[in-house]
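Participant: no FASTA, just this:
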């Protein structure tokens, strides 16, 4: 049996059936009678196809004239093979030389059977190339869709961020103004109340709800305080022994004027919430390709406490166990870290509340190992299904069946973007006993980026 090269040499060697095409020359046009089968002996030819309703505006000249390029035929490839086997008909494509080409052809239809093995081989190669092209096209289409989604999100968030940042900026400045004015007034009128106010506005501690309730009830019984005043004293002195050593006049002042501590603490929460709102807007912008700024000296443990304080109303029925070891400060943006911890904690709370988990508990620990700050947030709620392990990081994916919160479903997708931006890692482990998210943060970042103004 002869090889393809031998068959080509045998049938495509007639001098009268040979031509040299210069670059840009048309071998044949789409729709012309296709009585020949061509063999490209050297060079490369592009095949163009123009469909009904083709709109050429804004396209390159060659595409405007002949339609989109569908494939290319190089040395050893056949053109019009299908038409030749079918006994003629109209050419399905326009063939244009991309460079100087040597082309031979056969017109004798009696040679179809002899050429059939060659043409079938050509057809198989063409089909394989078409499959590859289709797969690549699908891949590029998905990339384009993701790019378009990111572009749309960036455009939307740019406008929204500008308005939100203006509003949040007003809230932050007015909060500072009210806090400063109230502090000055209390300094002039009541030193004791000014002290209570300063304790509240400077409080950065976090006391789990169960411990807070127990200490508050103790002070209520032992010191004869009102429930609200006892709660404030529990914040100030979580150690019961310290509280019992307080001077009676201090306890009496807290019992009477505890509202000043609450005002200070509420103003502090407002300032933290304003910073967090600004950070959330910036985080959404990150999905559209925005940038952020990070500075050295960020206290990871404090960012965890800030997240717990912001969520304290949601965590009233949750046991929070803390093992916050002292760790080095890192180069980071505090609001970004707060978003990471708040998302993990809130999702754990929501999952356990929805599943009615007995004794719902979140355990948070920090440690320093291998030049990284490691934060682990674990809960005893329902496990994450194996098929959802990767999907949880996708925008708009959620496993929540019932929720009073209405959001964009961007929480963990933003978290993943932030973590990746720090060259950090997150490991998720989940079984019937525990689900944990372990984040390992490097101490420094290569180059802090500059935050873009909304």
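Facilitator: Perfect, thanks for sending it. Keep in mind the model is a prediction, meaning the values are calculated, not measured.
Participant: low-confidence ranges in the stretch 1-150 of the chain?
Facilitator: 1-2, 88, 109-115, 117-119, 122, 146-147, 149-150 (pLDDT under 70).
Participant: can you pull out the helices in it?
Facilitator: Per DSSP state H, counting those that start in this stretch, the stretch 1-150 of the chain carries helices over the ranges 4-11, 61-66, 81-85, 112-189.
Participant: now for those helices, which one comes closest to residue 211?
Facilitator: Closest approach to residue 211 among the helices of the stretch 1-150 of the chain is made by helix 112-189 (27.8 Å; Cβ to Cβ). For glycine as for every other residue, the C-beta is placed from the backbone atoms N, C-alpha and C.
Participant: by contact count, what packs against that closest one?
Facilitator: Helix 112-189 makes packing contacts with helix 4-11, strand 68-73, strand 78-79, helix 81-85, helix 191-201, helix 248-287 when contacts are defined by 3 or more Cβ pairs under 8 Å, 6 or more residues apart in numbering; DSSP states H and E.
Participant: so which of those is the most packed in?
Facilitator: Burial of these is given as mean neighbour count (mean count of other Cβ atoms under 10 Å); strand 78-79 ranks first at a mean of 24.
Participant: Direction included, what does that one pair up with?
Facilitator: Sheet pairing of strand 78-79 (DSSP bridges) gives strand 37-42 (antiparallel).
Participant: buried set for the partner strand?
Facilitator: Neighbour counts over strand 37-42 (16 or more other Cβ atoms under 10 Å) mark 37-41 as buried.
Participant: Map the structural domains onto the sequence of this structure.
Facilitator: 4-107, 148-290, 291-454 (automatic domain parsing).
Participant: got the end-to-end distance for the shortest one?
Facilitator: Counting by Cα to Cα, to the nearest Å, the length from the leading to the trailing residue of domain 4-107 is 18 Å.
Participant: Could you give the separation of that domain from the chain centroid?
Facilitator: Centre-to-centre, domain 4-107 and its host chain are 47 Å apart (Cα atoms, centre = their mean, to the nearest Å).
Participant: before we move on, what about the last one?
Facilitator: Per Cα atoms, centre = their mean, the displacement of domain 291-454 from the mean C-alpha position of its chain is 14 Å.
Participant: quick one: pLDDT of residue 386?
Facilitator: With respect to pLDDT, residue 386 scores 87.
Participant: From residue 429, how far off is it?
Facilitator: 12 Å (Cβ to Cβ, to the nearest Å).
Participant: Compare the two (neighbour count), which wins?
Facilitator: residue 429 (14 against 8; other Cβ atoms under 10 Å).
Participant: The helix or strand harbouring the more buried one pairs with which strands, parallel or anti?
Facilitator: For residue 429, the element it lies in under DSSP states H and E is strand 425-430. According to DSSP bridges, strand 425-430 forms sheet pairs with strand 435-442 (antiparallel).
Participant: Just say which of the helices of the stretch 1-150 of the chain is most tucked in.
Facilitator: That would be helix 81-85, which, of the helices of the stretch 1-150 of the chain, has the most neighbours on average (mean count of other Cβ under 10 Å), namely a mean of 19.
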